[in-house]
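> dropping the sequence and predicted coords here.
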Amino acid sequence: MRVVLEAASLAVSSGGLARYTSELSLALARCYPEDEFFLASDQPFQAPTEPPLNLARGGGPRNALERRWWLWGLAREALRLRADVIHGPDFSVPYLPLRPSVLTLHDLSPWLDSQWHHDAGRVKRRAPVLLKLGIPTMVITVSEAVRREAIARFHIPSDRIVATPLAAPEWLRPQAACPSPRPYFLFVGTIEPRKNIPAVIAALREIRRECEVDLVLAGRLRADAPAIAEEPGLRLMGEVADAELAHLYSGALAFVYPSLYEGFGLPVIEAMQCGACVIASPAVREAAGNAAAYASSHAELIAAMRRAATQPGWLAERRALSIARAAEFSWDRTARLTYEVYREARKRFGR
């Protein structure tokens, strides 16, 4: 099989969409060495480093017509590459169904709250039309919860939509902690409205009345991120290189993820694979299972953070649960499930 994956999400330096496209393409090439996989986009992008020989960079637009990428460009590049399937990992596929296509719908956040996305107008308009018209041959979601939501909202036939859970990269493993002046709670992810960062900052203020702890925020600050003022104990790291992530996760008192809504919650699994205790909102329950300490209110968030800071035995138990939970996921498994969707798309195309 020859598959082209649209790679615009790799034009962004970090975030879940970039991680998904990168890790999935690598795992597909690794698991299916007899097949060929291509990354193509109309935007400059950073391809995964040291890819297998069967994962290659495709081309971009070659003329003015092909700069209309989703209408003509990607379809024509797929034709040049003799692709059997086109995969749009970021909410879209080519507008003309000239060959089998697969669309990944990561979550329904663009349609649930207008304040969660400042720049999602194109996705909000385009994806529902594609889904209503049945343009994608198959649809992938990253959790069963999103699959159910998508069926209800977009009326997708249940046999055309499949959940394929995500995973942490293999290179994220427990490591020696980074030097830190004080114990710290950690948030990793794109800093944006629905991540609910003000809630964890407010909880930090309460915890610091009793304990000398810090809160480290690591991640790209999106243009619509909430204003974050300087606070005692608050450290903003900005984007963190992959080489530093394992040390950062491993050294945290707990990874705190109070997000208001998630499709999956990839940073939670990454933190767990590094052995971090996870304190999270119920939005990530499908990913975290019974391994996380869940907080549905401000009081519950403070209580869980207090336990992490003051009860070493409880913390050790949570870390062990994290390691066990993360072991249930792998990118190879995700790749195999995705490959089965590609096969199904080929069978169904034109029916």
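Noted; the coordinates are in hand.
> poorly predicted segments of the chain, please.
Low-confidence segments of the chain, defined by pLDDT under 70: 119-120, 351.
> could I get the buried residue list for the top helix by length along it?
As assigned by DSSP state H, the longest helix anywhere in the chain is helix 331-348. Judged by neighbour count using 16 or more other Cβ atoms under 10 Å, the buried positions of helix 331-348 are 331, 333, 334, 335, 338, 339, 341, 342, 344, 345, 346. Yep, even glycine has a C-beta here, placed from its N, CA and C like the rest.
> go through those and name the one nearest residue 100.
residue 345 (4.0 Å; Cβ to Cβ).
> what sits against residue 138?
100, 101, 102, 103, 160, 161, 162, 341, 344, 345, 348 (Cβ atoms under 8 Å, 6 or more residues apart in numbering).
> how about a cut-off of 7 Å?
For residue 138, the residues meeting the contact criterion (Cβ atoms under 7 Å, 6 or more residues apart in numbering) are 102, 160, 162, 341, 344, 345, 348.
> residue 247 too?
For residue 247, the contacting residues are 175, 176, 177, 178, by Cβ under 7 Å, 6+ apart.
> at 6 Å instead, please
With contact taken as Cβ atoms under 6 Å, 6 or more residues apart in numbering, residue 247 is in contact with 175, 178.
> where's it, which helix or strand?
Residue 247 belongs to helix 242-251 when elements are defined using DSSP states H and E.
> please apply the same query to residue 321.
Here residue 321 is assigned to helix 312-326, by DSSP H and E.
> show me what that helix is packed against.
Contact here means 3 or more Cβ pairs under 6 Å, 6 or more residues apart in numbering; DSSP states H and E; on that basis helix 312-326 packs against helix 266-273.
> tell me which residues in the helix it packs on are buried?
Within helix 266-273, the residues that qualify as buried by neighbour count (16+ other Cβ under 10 Å) are 266, 267, 268, 269, 270, 271, 272, 273.
> for stretch 21-38, same thing?
21-29, 31-32, 35-38.
> give me the contacts around it.
The list of residues contacting stretch 21-38 from outside it, by Cβ under 6 Å, 6+ apart, reads 1-5, 9-10, 48, 52, 54-56, 58, 81, 89, 169, 331-332, 335.
> and for stretch 294-302, what are the contacting residues?
Residues from elsewhere that reach stretch 294-302, judged by Cβ under 6 Å, 6+ apart: 203, 206, 282, 304.
> how about the CA coordinates for it, as PDB?
The C-alpha trace of stretch 294-302 is given here as PDB (Å, rounded to 0.1, in the frame of the first residue of the first chain):
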ATOM      1  CA  TYR A 294      -9.500  13.100  39.300                       C
ATOM      2  CA  ALA A 295     -10.500  16.600  40.400                       C
ATOM      3  CA  SER A 296     -13.900  18.000  39.300                       C
ATOM      4  CA  SER A 297     -13.800  21.100  41.400                       C
ATOM      5  CA  HIS A 298     -11.400  23.700  42.800                       C
ATOM      6  CA  ALA A 299     -11.500  22.000  46.300                       C
ATOM      7  CA  GLU A 300     -10.800  18.600  44.800                       C
ATOM      8  CA  LEU A 301      -7.900  20.000  42.800                       C
ATOM      9  CA  ILE A 302      -6.300  21.600  46.000                       C
END
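> great, nothing more from me.
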